[in-house]
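# Just need the structure, nothing else, for what follows:
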Amino acid sequence: MLTSAPPGPAATRPPQKTAARSDSTLGLLAKIVLLGLVDAFAVYVLITLFLQEKWVILLVGAAVTVLINWIYLRRGGLPAKYLAPGIFFLVVFQVFVMIYSGYVAFTNYGDGHNSTKADAVNAIQLSAQQRVPDSPAYRVSVLEADGDFHLLATGPDGGVSVGTTGVPLEEADDAVTDGTGKGVELEGYRTLQFGEVLANQADILAITVPFSDDPEDGSLKTSDGSNAYVYRPSLSYDETTSTFTDLETGTTYSDMGEGSFRSADGEQLSTGWKIDVGFDNFVKAFTDPNIRGPLVQVVLWTFTFAIVSVLSTFALGLFLANAFNLPDLRGKRIYRILMILPYAFPAFLAGLVWSGLLNPEFGFVNNTFFGGADIPWLTDPLLAKVSVLVVNLWLGFPYMFLVCTGALQSLPEEVTEAARMDGATAWRTFTAIKLPLLLVSVAPLLIASFAFNFNNFNVIYMLTDGGPRFDGTTANIGHTDILITMVYEIAFGTGVGRDYGLASALSIIIFIIVAVISAISFRQTKALEDIN
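Alright, predicted model coming up:
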């Protein structure tokens, strides 16, 4: 009698190989598709860089593309395949930002100084355009193509040409003309009707069509969408001497090596260019009257805000964690959930809500708790600082509550029980045993909390916007500004103008301050390890 043998390991191997092959094929296809998308995007970026003649970035991009393909196409090297994306984004979003910020800190990059000297010369010539007296009128029709407006100009000699801002006039011999010889239509363009011209009047009046690539040859501008006139710059540029001359007054503006054209009496043309200025931005931070006075007060308030925020949130969080850690406390899960609710609110949204609650005229706090009194919580310098600290305490204590709750629950009960057997009071047990052991694990988090509050942008910006403002300065800096919000105002705010170089210099100063304090603090926390 023949009996079949029970299926053994050999009988199950073919299906496993088939499944493995299927998984391998799908994985290979997925890798090819993903890598193909990455390569397609990389090729597009490299072509764009080539057309813009950004050779250094082009070479770096090509090298990175080759490296990515080598990592994912070669056999083996599994750790590199997992680490490569993280390292790539770390370099792009962290390392590059730090290096570029450091570079900008040593330049005059900002309003009026954001491009090259050639671009500045061209911008000055374009901005100094004045209508040429008794210039002939050009009859124009307004055209539209790809969302841009163009002028179809018919000259005094009957010639028709087309152009737009930054694009010199080109002959349009195939233009359709009306009975008077005026060009009205052109293939590839759509002629605007009168109502459309009125609706887009601001954009049409801003059109400046140059006659050629040389701005001194003049340009055409229209004031009504029907007629255009010749404009020429009132400043003449001499490339050999690198000077501008005002054609009306004869004033000469020279390149003084400061990234701008300046006259002998100190008058400066509005547009400059980016140059290296060394440590001038760092010197300016401590010598410029508009920055120096507010900077000292902002630094003191930043330290006060960070230190008080850490101590207050830790104290309240520890107190509540200790209170709700009693083993026989009923409903402590509900209490703990209520305690961490503020942590669920986004900081920027909470700042806006609290700014409404503390409004002196119709805010909930004044109307409910103070009988409608007009208390300037956000406009008085002292009260504004108190309000910021209270709101940050409300936002920050849930985090400390969670941390301290976890740390308390990890402490060994034997130590507490031994202290109780020795007759130690609850306060003595807490201060002499629990708190030192707690600090062993919590101290690094307190340092991190200090660094976070040192740069706590959301609460300040959303609650007070840094106000109330300092007197005696044109800079948009206020009593509740900390260093990071001050940097933001200098870089993107109003007042003395946007100064990216100075803002980057202050960012480096912030980094140095936080790094030094963190290094010292971490060194001091090593002493707590002996307690453990």
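# switch to C-alpha atoms for all contacts and neighbour counts from now on
Will do.
# Quick check: mean pLDDT of stretch 443-452?
Mean per-residue pLDDT for stretch 443-452: 92.
# Off-centre distance for that stretch?
The offset between the C-alpha centroid of stretch 443-452 and the centroid of the whole chain comes to 24 Å, using CA atoms, centre = their mean, to the nearest Å.
# which SS state does Leu151 fall under?
The three-state assignment at Leu151 reads strand, by DSSP: H, G, I helix; E, B strand; the rest coil.
# That one reaches Val162, doesn't it?
Yes. A contact is recorded between Leu151 and Val162 when judged using CA atoms under 8 Å, the distance being 5.7 Å.
# For these two, indicate the residue with more neighbours.
Leu151 (29 against 24; other CA atoms under 10 Å).
# what kind of secondary structure is the nearest residue to that one once chain neighbours are set aside in?
Leaving out its chain neighbours, the residue that sits closest to Leu151 by CA to CA, 6 or more residues apart in numbering is Val142, at 5.0 Å. In three-state terms, and counting by three-state DSSP, Val142 is strand.
# just the helices in the stretch 401-532 of the chain please.
According to DSSP state H, counting those that start in this stretch, the stretch 401-532 of the chain carries its helices in the segments 413-421, 426-429, 435-454, 457-463, 483-492, 500-525.
# What is the last one packed up against?
Looking back up the chat, that one is helix 500-525. helix 96-104, helix 280-287, helix 435-454, helix 483-492 (3 or more CA pairs under 8 Å, 6 or more residues apart in numbering; DSSP states H and E).
# Generate CSV for those, with mean neighbour count and distance to Asp471 as supplementary columns.
As requested, those are arranged in CSV below (neighbours: other CA atoms under 10 Å; distance: least, CA to CA, whole Å):
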stretch, mean neighbour count, distance to Asp471
helix 96-104, 15, 29
helix 280-287, 16, 17
helix 435-454, 19, 24
helix 483-492, 22, 15
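# what would those helices look like in a markdown table with distance to Ala505?
Conversion of the helices and strands packed on helix 500-525 to a markdown table gives the following (distance: least, CA to CA, whole Å):
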| stretch | distance to Ala505 |
| --- | --- |
| helix 96-104 | 7 |
| helix 280-287 | 6 |
| helix 435-454 | 17 |
| helix 483-492 | 9 |
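# out of the ones you listed, nearest to Asp157?
When those are compared by CA to CA, helix 483-492 sits nearest Asp157, at 49.6 Å.
# For this protein, give me the ranges with low pLDDT.
Across the chain, the ranges flagged by pLDDT under 70 are 1-23, 494-496, 526-532.
# change it to 80
Applying pLDDT under 80 to the chain flags the ranges 1-24, 27-28, 126, 215-216, 326-329, 415-416, 493-497, 524-532.
# All the helices of the stretch 101-250 of the chain, in order from the start?
Taking DSSP H, counting those that start in this stretch as the criterion, the stretch 101-250 of the chain carries its helices at 117-127, 194-199, 201-205.
# Could you dump the ones you listed into JSON lines and include mean neighbour count and distance to Asp111?
Rendered in JSON lines, the data for the helices of the stretch 101-250 of the chain read as follows (neighbours: other CA under 10 Å; distance: least, CA to CA, whole Å):
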{"stretch": "helix 117-127", "mean neighbour count": "18", "distance to Asp111": "12"}
{"stretch": "helix 194-199", "mean neighbour count": "12", "distance to Asp111": "31"}
{"stretch": "helix 201-205", "mean neighbour count": "15", "distance to Asp111": "23"}
